[in-house]
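Predicted model follows, preceded by the sequence.
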Amino acid sequence: MNKHGAMNRKKRFAGVGIPLEDPKRAIKPPTKVPYKRIATEEAWITPEIMQGYRELIAKKAGDAGFLSLWGVFIRRGGILIDRLLDMGENRIRDMDATGIDVQLLLLTAPGVQVFDAARARSLAASSNDQLAEAIRKYPKRFAGLAAIAPQSPKTAAKELERGMNKLGLKGAVINSHTKGQYLDDPKFWDIFEAAESLNAPIYIHPQTPSPDMIKPFVKRGLDTAIMGFGVEVALHTLAIITSGALDRFPKLKIVIGHGGEGLPYWLYRIDYMQEFNRQAFMPKLKMLPSDYMKRNVYITTSGLPWAPAITMAQSVLGMDRVLYAMDYPYQYRVEEVAMTDKFPISAANKKKLFQKNAERVFSL
Ligand code: MN
């Protein structure tokens, strides 16, 4: 390993895509640590939504990104889908094998957002009921975010309220664009209004880029987590910031994964150019984009157990704004946890990263 934590390619990416395939493989759990490991972007799916995806794929219905991503997952089948569906002992065993104490569960992308509005509303509600049931069974190991259907913003706001107040869920997940539409459009702001008043963080999880953006990605195989996801959520987050939504909803909490989807790295230039752009065509904001990032946005380490990127984000946004996540089952690796345990930060800051920040942001 060199001083930036980079290993040779073979060692670093050994087994990517088939993580811990063999349940009998001897797994060495990470060493004991003086903090809880709370993983905050962990995926699951209901049997009904899985069936809905199979139907869409069979009919070739859905946007290019969905057909590309879920076409592959469904063709491959196997342990990835088994793990997404399992909300019981196998999931707990996988958590134990990697030293994860708590999973914050998010309905996997694209959630219900790929369905028509009526079906999306009912699938969101039933998934929230099932999630609450799993959490009742394993209250010390699971917490979760509500799935909502942005196709119907008022119903989504009500479902978020039901999720928070009746089901004990801790916020909402929105899997980025909904049929090509983004949350900077005021027609969605009933959701922001409810989230702000309920103190419910909104986790903007990636999905493949929206139909207007995806063409050059998909034909090169860059539409999913390798690049498309990050571009999609960076655009979405910056769209929300530059729309003025966070002046209207100053207490809204937005959470994004994957080290902040590149935004911390670009912040200086984003601030500089926003000043320039707003003279021409952007709404006047009360603060700089970086100020909203430091007031309203939290980021997680999902899929990016890489000290250079995460310590950079911590230095820009502050130690209180970066939360640990694994991205189970997509990036389920013992090594992922070990790399994050070894970040060159103080013991107190490690406890913030793995435990304290998650407890505070998601009211765990
Ligand atoms: Mn994820």
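Received, thanks.

dump the residue contacts of Ile241.
285, 289, 292-293 (CB atoms under 8 Å, 6 or more residues apart in numbering). For every residue, glycine as well, the C-beta is placed using N, CA and C.

Pro329 contacts Asp94, correct?
Yes. With contact defined as CB atoms under 8 Å, Pro329 reaches Asp94; the gap is 7.4 Å.

pLDDT averaged over stretch 222-237 - what is it?
In this model, stretch 222-237 carries a mean pLDDT of 97.

so where's this structure uncertain?
1-29, 279-280 (pLDDT under 70).

Which residue would be the closest one in it to the ion?
Proximity of the chain to the ion (CB to the ion) peaks at Asp327, 4.3 Å away.

Look up how far Glu336 lies from that residue.
For Asp327, the distance to Glu336 (CB to CB, to the nearest Å) stands at 8 Å.

again, but for Gly52
30 Å.

Name the residue in those two with the higher neighbour count.
The neighbour comparison of Gly52 against Glu336 (other CB atoms under 10 Å) goes to Glu336, with 23 against 19.

my read is the more buried one is in a helix, agree?
Yes. With DSSP: H, G, I helix; E, B strand; the rest coil as the criterion, Glu336 is part of a helix.

going forward, begin numbering at 19 instead of 1
Happy to do that; since the first residue is 19 now, the last one works out to Glu354.

ok, it - contacts?
When contacts are counted by CB under 8 Å, 6+ apart, Glu354 touches 116, 323, 344.

if you set the cut-off to 7 Å instead, what comes out?
Taking CB atoms under 7 Å, 6 or more residues apart in numbering, we find Glu354 in contact with 323, 344.

How many neighbouring residues does Arg351 have?
18.

Pretty sure Ile328 sits against Thr318.
No. Using CB atoms under 7 Å as the test, Ile328 is too far from Thr318 to be in contact (9.7 Å).

so can I have CSV of the contacts of Ile259 showing secondary structure and neighbour count?
Shown next, in CSV, are the contacts of Ile259 (DSSP: H, G, I helix; E, B strand; the rest coil; neighbours: other CB atoms under 10 Å):
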residue, secondary structure, neighbour count
Leu303, coil, 18
Pro307, helix, 23
Tyr310, helix, 23
Met311, helix, 29
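
Which single one of those residues is nearest to Asn183?
Closest to Asn183 out of the contacts of Ile259 is Tyr310 (27.5 Å), distances taken as CB to CB.

all strands for this protein, in order.
Using DSSP state E, the strands of the chain run over 56-62, 120-125, 160-162, 164-165, 190-192, 220-222, 272-274, 315-318, 340-341.

got those as a markdown table, with distance to Ala142 and mean neighbour count columns?
Output for those, formatted as a markdown table (distance: least, CB to CB, whole Å; neighbours: other CB atoms under 10 Å):
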| stretch | distance to Ala142 | mean neighbour count |
| --- | --- | --- |
| strand 56-62 | 14 | 26 |
| strand 120-125 | 8 | 26 |
| strand 160-162 | 13 | 25 |
| strand 164-165 | 5 | 28 |
| strand 190-192 | 10 | 28 |
| strand 220-222 | 14 | 25 |
| strand 272-274 | 19 | 27 |
| strand 315-318 | 22 | 27 |
| strand 340-341 | 24 | 26 |
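
Output these as CSV; include the columns distance to the ion.
Output for the strands of the chain, formatted as CSV (distance: least, CB to the ion, whole Å):
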stretch, distance to the ion
strand 56-62, 5
strand 120-125, 7
strand 160-162, 14
strand 164-165, 14
strand 190-192, 9
strand 220-222, 9
strand 272-274, 11
strand 315-318, 9
strand 340-341, 13
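
can you redo these as TSV with distance to Ala252?
As requested, the strands of the chain are exported to TSV (distance: least, CB to CB, whole Å):
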stretch	distance to Ala252
strand 56-62	16
strand 120-125	19
strand 160-162	25
strand 164-165	23
strand 190-192	15
strand 220-222	10
strand 272-274	8
strand 315-318	11
strand 340-341	16
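
Out of the ones you listed, flag the one nearest Ala365.
So among these, strand 340-341 is nearest, using CB to CB, at 15.7 Å.
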